[in-house]
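>>> Sequence and predicted structure, then a few things I'm wondering about:
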Amino acid sequence: MPDEAKVDVAGEESPHGEGPDYKAMYEAAKAESRKWESRSKANAEKAKAFDELETAKKSLEERVSSIEAANRALEDEKARGALVKKVAKATGVPESIVSTLSATDEETMTAQAAAIAENYRTPGGAPNAPEAGRFAKSEKTSELDEKRKFVRDLLGKKS
């Protein structure tokens, strides 16, 4: 058993034969620690670079997905605009009214527009009023003309 007292944990004997060589054990542990420290530093840099690449990859994927979503929205809007024009032309309802309908497919939108056209059509069409926007000259008009002339003369304006 006295031989075991002279052997340290690493298996080295003390040069003085007094027990384990703590200095050698310390140096060995320190060297091992430095080795793992340098490995961890190298791995930390690699991990940081990996994290940056993952972040860039995610942001790129997010950007691509947002661009694709915007593209789909534009295509849907374009398709709806074409559908609105087609239904408006077929039913005779103005595009501004057809565009407010809740339908998303042609059949339903046509049915809604036809219902609007049927319910709001005036019976017999609009009345013919050729005199619309014209006023007949009356006695009051001539009186107004005289008053206007008097005011112009009073203010010194030429008529």
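Yes, it's here. Numbering: from 1, shown residues only.

>>> Check which element follows the biggest helix by length in the chain along the chain.
Counting residues, the longest helix found in the chain (DSSP state H) is helix 22-91. Going down the chain from helix 22-91, the next helix or strand is helix 95-98, by DSSP states H and E.

>>> which other residues reach the next helix or strand after that next one?
Note on helix 95-98: by DSSP H and E, the next helix or strand toward the C-terminus is helix 106-119. Outside helix 106-119, the residues that touch it by C-beta atoms under 8 Å, 6 or more residues apart in numbering are 83-84, 86-88, 90-93, 97-98, 101-103. Placement of C-beta: from N, CA and C, glycine included.

>>> So for helix 106-119, what gets flagged as buried?
Using 16 or more other C-beta atoms under 10 Å as the test for burial, helix 106-119 gives Met109, Thr110, Gln112, Ala113, Ile116.

>>> Tell me how far the first one lies from Glu143.
It refers to Met109. Distance of Met109 to Glu143, given as C-beta to C-beta, to the nearest Å: 57 Å.

>>> Could you do the last one as well?
Ile116 sits 48 Å away from Glu143, taking C-beta to C-beta as the criterion.

>>> ditto for Ser59
Distance, Ser59 to Glu143, by C-beta to C-beta: 80 Å.

>>> what do you get for Glu52?
For Glu52, the distance to Glu143 - C-beta to C-beta - is 89 Å.

>>> ok, now Leu74?
63 Å.

>>> Please apply the same query to Gly19.
Counting by C-beta to C-beta, the gap from Gly19 to Glu143 is 136 Å.

>>> and Ser102, what are its phi and psi?
phi -90, psi -10 (degrees, to the nearest 10).

>>> what sits against it?
With the criterion set at C-beta under 8 Å, 6+ apart, Ser102 makes contact with Gln112.
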